[in-house]
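*Asks:* Predicted structure and sequence below. I'll ask about it afterward.
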Amino acid sequence: MKKVIVIFVCILNFSPLFALNYYVDKANGLDTNSGLSLAASYKTIQKAASTAQAGSTIFIKAGTYNENLIINISGTATNPIIFRNYNSDLVYIDGTGTSTANGTAMLQINGASHLEFRNLTIQNLLCQDANGILVFTNPSIGCTNLKFINIAIHDIKWTPLSTTVPTTNDNAHPFLVYGSGNTQASAITNILVEGCNIYNNVTGFSENLTHSGNVDGFVVQNNLVHDNNNIGIECEGNYGASATPSLDHARNGFVRNNKCYNNTCPYSTAAGIYVDGGWDIVVEQNESYNNSYGVEIGCEENGTTRNIMVKNNIFYNNRDSGVYLGGYDIGTTGQVLNTIIRNNSFFQNNSLNTAVGEIEISKASNCRIENNIFYVNNTKVLYNLNNISPQTNITFDYNTYFTPNNNPNDIIIYYSAAGYSNFNSYRTATGQDVHSIYSNPNFVNASLATINMVLQTSSPCINLGNPAVLTQPELDFLNNPRVVNTIDIGAYENQTPLSSPEFQMLNEVKVFPNPTLGILNIESNFKFDKAIAINMLGQKYTLQLVNNKLELKNLSNGIYKLFLFKDNEILESVSIIKN
């Protein structure tokens, strides 16, 4: 009997190696076929989704598939189920002629795990509460490990006209991850949204790419979110998606390297990126422009938004502030806590000229704004700290400010109940920005039409930042090492090292073989004492460095940024590939 059990377990472990792949071809397939070859393709994606098993790949031939897909099968951690186009075929999942019932979704995933979707277009759904992609669970079943890569989503609308003013019940969601579970075990976890293009959607009072409620662990990166009605990317909580208040927050997420632009709304203020009730989220290396806000860290409902890091981003030409930070001034007790806005570059936001400044703050506590460049427009308003309680321990320091008139005695700062028109008088009276300067940051190009916020070598921002803000190696907006000598102010780190024999010697470092299967050799006249690798998700790995050799066998395959240290200072960095 024991032998039979052992054999059965082995078969279960290895059967995914023989998982069947399936083919879908709307033009030539039949759902009565086997689906196991191009010649015997299914006609619908739904048929393949209902038949696949762990380890299967569903290859979809070119065509327009008018289906409302429901996916409730799961792969495994080592053998996911993959839905993708066949070769480089163009695949459209189109809502034309499908259901228009309230809440219809083009692609609905209910409690399923270990799934991957690649190279698909989801389009053309018009109904109340229309959904492009909808991921959800019931209160007792969670899901994990979902990947959405290179998905285009457009024309998901509650109404055909973006100028129509909605009621609170008029909404659409192009991409919604909705965690309604009431326990940690029923959370939605490990979600990747990468390389997607989300545009031309009309969402009412909703957003375009949303993680809401009991969602724990997500990465939103390298996406284009643009030309939409209302908010671009949102991470939200406090709305009762989960009945457990401590779990009712999108949390432990990264929003990085996205481009968000032209997300505006005639009846509401729309941010390119919005964290509202989220916890423990990093917003980094994003480019956000021509929205209402570049980024908003807010809290609309009772509760908190907390532990948010906004770093190494660029924000320009947004209608209102580059950043709005804080809860509503009336109606709720919601407050933003423990948030850091650092090493970002702001250029001429508040294009509506409403004198709100580059950053506006209300109902926030224990927040720091430092190492940023604020290049203001002709309103001359640097920032606006509203006189709203509760609000404690807001710190500004190590920032660079500049106005087009190049006059520090003709600026405007609204600081609580006071106002200041002289930069030095403001610093003396408030005790803020002790190490900050008023100076032209010397961008490569300071024109909106051709903006380039890279620092010229003459910039006063170089090596002027607060080095204490950095607790581990990171990358600047361009994926260069964040610190070369001393940390710079702004989103870009000048990459010119100090002219010293030590740095001259480091220029001769060779790292090989690259790509590597596991062992990396470092050839240099200089002896490093520590090495750290950071993957594309920002995860950090300390590597064992022995005789200038690195052991990488325990790292997953992928691209890493390798940092080499001497006495806890980064002296060299290089991109490596582990195969």
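*Replies:* Looks like it came in fine.
*Asks:* alpha carbons only for contacts and neighbour counts from here, please
*Replies:* Will do.
*Asks:* which residue sits closest to residue 435, ignoring its sequence neighbours?
*Replies:* residue 398 (4.9 Å; C-alpha to C-alpha, 6 or more residues apart in numbering).
*Asks:* close enough to count as contact, that neighbour and residue 467?
*Replies:* No. With contact defined as C-alpha atoms under 8 Å, residue 398 does not count as touching residue 467 (10.0 Å).
*Asks:* neighbour-wise, which of those two wins?
*Replies:* The residue with more neighbours, out of residue 398 and residue 467, is residue 398; 25 against 15, by other C-alpha atoms under 10 Å.
*Asks:* And the more buried one, how far from residue 434?
*Replies:* Distance, residue 398 to residue 434, using C-alpha to C-alpha, to the nearest Å: 7 Å.
*Asks:* got the buried residues for the top strand by length along the chain?
*Replies:* If you go by DSSP state E, the chain has its longest strand at strand 143-157. Neighbour-count burial for strand 143-157 flags 143-157 (criterion: 16 or more other C-alpha atoms under 10 Å).
*Asks:* what about it, average pLDDT?
*Replies:* On average, the pLDDT along strand 143-157 is 97.
*Asks:* Kindly calculate the angle that the helix or strand that it is followed by makes with strand 143-157.
*Replies:* Using DSSP states H and E, the helix or strand that directly follows strand 143-157 along the chain is strand 172-179. Per axes from the mean of the first three to the mean of the last three C-alpha atoms, to 10 degrees, the angle that strand 172-179 makes with strand 143-157 is 160 degrees.
*Asks:* Show me what strand 172-179 is packed against.
*Replies:* On a contact count with 3 or more C-alpha pairs under 8 Å, 6 or more residues apart in numbering; DSSP states H and E, strand 172-179 meets strand 130-136, strand 143-157, strand 209-213, strand 215-221.
*Asks:* Would you mind reformatting those (as a markdown table) and adding columns for distance to residue 472 while you're at it?
*Replies:* As requested, these are exported to a markdown table (distance: least, C-alpha to C-alpha, whole Å):
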| stretch | distance to residue 472 |
| --- | --- |
| strand 130-136 | 34 |
| strand 143-157 | 27 |
| strand 209-213 | 27 |
| strand 215-221 | 19 |
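*Asks:* can you tell me which of those comes nearest to residue 428?
*Replies:* The closest of the helices and strands packed on strand 172-179 to residue 428 is strand 215-221. By C-alpha to C-alpha, the value is 41.4 Å.
*Asks:* tell me the pLDDT at residue 516?
*Replies:* 80.
*Asks:* Run a quick neighbour tally on it.
*Replies:* 17.
*Asks:* is it true that it touches residue 575?
*Replies:* No. Using C-alpha under 8 Å, residue 516 is not in contact with residue 575; the gap is 11.7 Å.
*Asks:* From residue 307, how far out is the most centrally placed residue in the chain?
*Replies:* Computing the C-alpha centroid of the chain and ranking residues by C-alpha atoms, centre = their mean puts residue 255 first, at 1.5 Å. Here the criterion is C-alpha to C-alpha. By it, residue 255 lies 14 Å from residue 307.
*Asks:* list residues touching both of these two?
*Replies:* Shared contacts of residue 255 and residue 307 (C-alpha atoms under 8 Å, 6 or more residues apart in numbering): residue 281.
*Asks:* Going by residue numbers, what spans are helices in the chain?
*Replies:* Listed in chain order, the helices of the chain (DSSP state H) span 2-14, 45-51, 423-430, 501-506.
*Asks:* Residue 184 is nearest to which of the helices and strands packed on strand 172-179?
*Replies:* strand 215-221 (8.5 Å).
*Asks:* what's in contact with the closest one?
*Replies:* 177-179, 187-195, 249-258, 537.
*Asks:* how far away is the nearest residue to residue 334 once chain neighbours are set aside from residue 278?
*Replies:* Closest residue in space to residue 334, ignoring its immediate chain neighbours: residue 302 at 4.3 Å, by C-alpha to C-alpha, 6+ apart. Distance, residue 302 to residue 278, by C-alpha to C-alpha: 13 Å.
*Asks:* And for residue 261?
*Replies:* For residue 261, the distance to residue 278 - C-alpha to C-alpha - is 22 Å.
*Asks:* and those two? which has more neighbours close in?
*Replies:* Neighbour totals were compared for residue 261 and residue 278, and residue 278 leads with 31 against 26 (other C-alpha under 10 Å).
*Asks:* mind listing what that one touches?
*Replies:* 235-237, 249-251, 304-306.
*Asks:* again, only using 7 Å
*Replies:* With contact set as C-alpha atoms under 7 Å, 6 or more residues apart in numbering, residue 278 has these partners: 235-237, 249-251, 305-306.
*Asks:* what about residue 420, neighbour count?
*Replies:* Neighbourhood size, residue 420 [other C-alpha under 10 Å]: 18.
*Asks:* got a list of what it touches?
*Replies:* Per C-alpha under 7 Å, 6+ apart, neighbours of residue 420: 412-414, 426.
*Asks:* Could you rerun that using 8 Å?
*Replies:* 411-414, 426.
*Asks:* now do residue 460
*Replies:* Here residue 460 is in contact with 439-442 (criterion: C-alpha under 8 Å, 6+ apart).
*Asks:* Need the max-distance pair from those.
*Replies:* 439 and 442 (8.7 Å).
*Asks:* thinking again about what came up before, among the contacts of residue 278, name the ones in strands.
*Replies:* Filtering those for strands - DSSP E - leaves 235-236, 250-251, 305-306.
*Asks:* Just the buried residues out of those residues, in ChimeraX syntax.
*Replies:* To isolate the buried ones among these in ChimeraX, judged by 16+ other C-alpha under 10 Å, type:
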select :235,236,250,251,305,306
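*Asks:* any chance of the ones in strands among the contacts of residue 278 in CSV, plus pLDDT?
*Replies:* As requested, the ones in strands among the contacts of residue 278 are exported to CSV (pLDDT from 0 to 100):
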residue, pLDDT
235, 98
236, 98
250, 98
251, 97
305, 98
306, 97
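*Asks:* Distance-wise, check residue 148 relative to residue 109.
*Replies:* 12 Å.
*Asks:* Would you confirm that residue 362 contacts residue 328?
*Replies:* Yes. Between residue 362 and residue 328 there is a contact under C-alpha under 8 Å: 7.2 Å.
*Asks:* neighbour-wise, which of those two wins?
*Replies:* Between residue 362 and residue 328, counted using other C-alpha under 10 Å, the more crowded position is residue 362 (23 against 20).
*Asks:* Which strand residues bridge the closest residue to the more buried one other than its chain neighbours?
*Replies:* Nearest residue to residue 362 in three dimensions, chain neighbours excluded: residue 326, at 4.6 Å (C-alpha to C-alpha, 6+ apart). Residues in a beta bridge with residue 326, per DSSP bridges, are residue 298.
*Asks:* Domain parsing of the protein, as residue ranges.
*Replies:* 46-416, 501-578 (automatic domain parsing).
*Asks:* neighbours around residue 558, how many?
*Replies:* 12.
*Asks:* measure it to residue 352 for me?
*Replies:* 44 Å.
*Asks:* do residue 333 as well
*Replies:* Counting by C-alpha to C-alpha, the gap from residue 333 to residue 352 is 29 Å.
*Asks:* wait, isn't residue 237 in contact with residue 277?
*Replies:* Yes. Assessed by C-alpha under 8 Å, residue 237 is found in contact with residue 277 at 4.1 Å.
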